[in-house]
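Q: Pasted the sequence and its predicted model underneath.
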Amino acid sequence: MVVDITKTFDQKFAALSRHVSQVGEAQGLEKMLKAWSRQTAQRAGMKKGRLAEGFRVVATG
C-alpha cells in the first residue's frame with residue numbers, strides 16, 4: 001500500500017527530527033526523506049512533485 005504524504009510531509013519531518021536517539025542531529029535527513037518519498041511516489045505512478053510512503057499490510061487474524 002502506498003499513501004500520498006505530500007500535504008503532511010513537513011509535519012512528519014518535524015516529528016521524526018525530534019527523535020534524536022533515532023536520527024541523531026538529523027543532518028541531511030529532510031533531503032534524504034524527500035528523495036525517498038519522491039521515488040516511492042514515482043514508483044506508485046503518482047504525479048511529479050508528489051511524496052509518498054509505502055506500507056506493507058500484514059494480516060494478523
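A: Right, received. Where do you want to start? Numbering: from 1, shown residues only.

Q: Do me a favour and average the pLDDT over the longest helix anywhere in the chain.
A: In the chain, taking DSSP state H as the definition, the longest helix is helix 29-43. The average pLDDT within helix 29-43 is 95.

Q: Send me it as CSV with only the CA atoms.
A: C-alpha atoms of helix 29-43 as CSV (Å, rounded to 0.1, in the frame of the first residue of the first chain):
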residue,chain,number,x,y,z
LEU,A,29,17.6,13.9,7.0
GLU,A,30,15.0,16.1,5.3
LYS,A,31,16.8,15.9,1.9
MET,A,32,17.1,12.1,2.2
LEU,A,33,13.4,11.6,3.3
LYS,A,34,12.2,13.8,0.4
ALA,A,35,14.2,11.9,-2.1
TRP,A,36,13.0,8.6,-0.7
SER,A,37,9.4,9.9,-0.7
ARG,A,38,9.6,11.2,-4.3
GLN,A,39,11.0,7.9,-5.5
THR,A,40,8.2,6.0,-3.8
ALA,A,41,5.6,8.3,-5.3
GLN,A,42,7.1,7.9,-8.8
ARG,A,43,7.1,4.1,-8.5
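
Q: Not counting that helix itself, show me its contacts.
A: Residues outside helix 29-43 that contact it (C-beta atoms under 8 Å, 6 or more residues apart in numbering): 2, 4-6, 9, 12-13, 16-17, 23, 48, 50-54. C-betas here are computed from N, CA, C, even on glycine.

Q: Now which of those would you call buried?
A: Neighbour counting with 16 or more other C-beta atoms under 10 Å marks 4, 5, 9, 13, 17, 50, 51, 52, 53 as buried within the contacts of helix 29-43.

Q: what are the ranges of the strands in this structure?
A: All strands of the chain, identified by DSSP state E, fall at 2-4, 52-54.

Q: okay if I get those as TSV plus distance to residue 34 and mean pLDDT?
A: Shown next, in TSV, are those (distance: least, C-beta to C-beta, whole Å; pLDDT from 0 to 100):
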stretch	distance to residue 34	mean pLDDT
strand 2-4	14	97
strand 52-54	11	97
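
Q: need those in TSV with distance to residue 37, can you?
A: Below are these laid out as TSV (distance: least, C-beta to C-beta, whole Å):
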stretch	distance to residue 37
strand 2-4	10
strand 52-54	6
